[in-house]
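Asks: got a structure for you, letters missing:
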């Protein structure tokens, strides 16, 4: 073996060893939810239902929460067919999660009496009504804050002291990419999702030393019934801007959220675009492991330039749409 070949093999060996060290250090063990109680809000359809399906497949006792009783009954039958244990409990409860904390507290206490103490809470309840700030009614703005923020805060507030007391538990807060960047036509919606990011980061800081894990899910546009309703109010500018990222499948998003939460990841994202956006907007978010933190350190500068180009493109789309509206008005 000549000297040049030895150098090549030495470099490859060093890279392999470093890569192995990074892998071993960053690898996270996954929590086991077999036989434990998981509550999924918004669990009758969309991302929530698929998150519940994944939990059932992992052997958890699952309670799905939503408002529509007929849809809940249908979804429960779907979950029952996927049981992997004879004694596995699958229940549902119809609750208006944003009505009041007292109502949520009473309902969740009754659920615990029936199914058992809550080990994992997956908050998936939410909605979107699109429109510019001045075109979104005050009533719709308040509704989105109620459904997106308070319907997550109330269940989370209930489980927090219990999880801290037992020094174990997992809380998932499902926000959106709109929790990272404000977009045309998503003003009121983004405000409610930004609130969820603040809630998740705060709870993560308050509870980590108590053994409670928090995951902030940041799904992109996903093919759900809620997305179909959202499109009915979406301005043309918003459709063009958000449409570039494609449409994720709810089963993939639900599965990814559950597994990221079980690994203790703070951010849960699916796809390159979501990963880039979460990296660009990482800010003061919690520790993500050595590999991700090193990547974030080196990538934030270049990604900031890419972010500026993306913002320029968004502004170009908005200007073009404005010109098109002017031409239509002049005709």
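Replies: Alright, I've got the coordinates. All figures in this text were calculated on a predicted structure; none of them were measured in a lab. Residues are numbered from 1 along each chain as shown.

Asks: all contacts plus neighbour counts: C-alpha atoms, from now on.
Replies: OK.

Asks: how about the strands in the stretch 151-300 of the chain?
Replies: 169-174, 212-217, 267-268 (DSSP state E, counting those that start in this stretch).

Asks: Please name the nearest non-neighbouring residue to residue 254.
Replies: residue 51 (4.2 Å; Cα to Cα, 6 or more residues apart in numbering).

Asks: so the one you found makes contact with residue 258?
Replies: Yes - between residue 51 and residue 258 a contact is recorded at 6.1 Å, counting by Cα atoms under 8 Å.

Asks: So which of the two has more stuff around it?
Replies: A side-by-side neighbour count of residue 51 and residue 258, using other Cα atoms under 10 Å, places residue 51 first with 29 against 23.

Asks: hang on, that one is in a helix, isn't it?
Replies: Yes - assessed with DSSP: H, G, I helix; E, B strand; the rest coil, residue 51 lies in a helix.

Asks: Which is the succeeding secondary structure element to the worst-scoring helix or strand of the chain on mean pLDDT?
Replies: Sorting the helices and strands of the chain by mean pLDDT, DSSP states H and E puts helix 3-26 at the bottom, at a mean of 53. Downstream of helix 3-26, the first helix or strand assigned by DSSP states H and E is strand 37-41.

Asks: thinking again about what came up before, report the contact partners of the residue nearest to residue 254.
Replies: 40, 43, 122, 251, 253, 254, 255, 257, 258 (Cα atoms under 8 Å, 6 or more residues apart in numbering).

Asks: Can you tell me which of the residues you listed is closest to residue 219?
Replies: Comparing the contacts of residue 51 against residue 219 with Cα to Cα places residue 253 closest, at 6.9 Å.

Asks: ok, back up a step: quick one, which of the strands of the stretch 151-300 of the chain is nearest to residue 114?
Replies: Using Cα to Cα, the nearest of the strands of the stretch 151-300 of the chain to residue 114 is strand 169-174, at 18.9 Å.

Asks: still on that earlier bit, in JSON lines: the contacts of residue 51, plus pLDDT and distance to residue 59.
Replies: Putting the contacts of residue 51 into JSON lines (pLDDT from 0 to 100; distance: Cα to Cα, whole Å) gives the following:
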{"residue": "40", "pLDDT": "98", "distance to residue 59": "15"}
{"residue": "43", "pLDDT": "96", "distance to residue 59": "17"}
{"residue": "122", "pLDDT": "98", "distance to residue 59": "16"}
{"residue": "251", "pLDDT": "96", "distance to residue 59": "18"}
{"residue": "253", "pLDDT": "96", "distance to residue 59": "19"}
{"residue": "254", "pLDDT": "97", "distance to residue 59": "16"}
{"residue": "255", "pLDDT": "97", "distance to residue 59": "14"}
{"residue": "257", "pLDDT": "97", "distance to residue 59": "17"}
{"residue": "258", "pLDDT": "98", "distance to residue 59": "13"}
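
Asks: Next up, the contacts around the residue positioned nearest the centre of the chain.
Replies: Nearest to the mean C-alpha position of the chain, by Cα atoms, centre = their mean, lies residue 217 at 1.8 Å. Shown in contact with residue 217 (Cα under 8 Å, 6+ apart): 172, 173, 174, 175, 176, 257, 267, 268, 269.

Asks: count of neighbours near the second one?
Replies: So the one you mean is residue 173. The tally of other residues near residue 173 (other Cα under 10 Å) stands at 29.

Asks: and what of the third one?
Replies: Residue 174 is flanked by 26 other residues according to other Cα under 10 Å.

Asks: Can you check the pLDDT for the nearest residue to it once chain neighbours are set aside?
Replies: Leaving aside its sequence neighbours, residue 174 sits nearest to residue 217 (Cα to Cα, 6+ apart; 4.5 Å). Listed pLDDT for residue 217 reads 97.

Asks: From residue 96, how far off is the closest residue to residue 97 other than its chain neighbours?
Replies: Once flanking residues are discounted, residue 97 sits nearest to residue 151: 4.7 Å by Cα to Cα, 6+ apart. In this structure, residue 151 and residue 96 are 8 Å apart, going by Cα to Cα, to the nearest Å.

Asks: Which one's more surrounded, those two?
Replies: Comparing residue 151 with residue 96 by other Cα under 10 Å, the one with more neighbours is residue 151, at 25 against 16.

Asks: Now do the contacts for the more buried one.
Replies: With contact set as Cα under 8 Å, 6+ apart, residue 151 has these partners: 97, 98, 125, 126.

Asks: do residue 38 as well
Replies: Residue 38 neighbours (Cα under 8 Å, 6+ apart): 55, 60, 61, 62, 63, 118, 119, 120, 121, 122.

Asks: partner residues bridging it?
Replies: With DSSP bridges as the criterion, residue 38 is bridged to residue 62, residue 120.

Asks: the longest helix in the chain is where?
Replies: Scanning the chain for the longest helix, with DSSP state H as the assignment, gives helix 290-330.

Asks: Quick one: mean pLDDT over that helix.
Replies: Here helix 290-330 scores 89 as its mean pLDDT.

Asks: pLDDT below threshold where in this protein?
Replies: Along the chain, the parts satisfying pLDDT under 70 run over 1-28, 244-245, 330-331.
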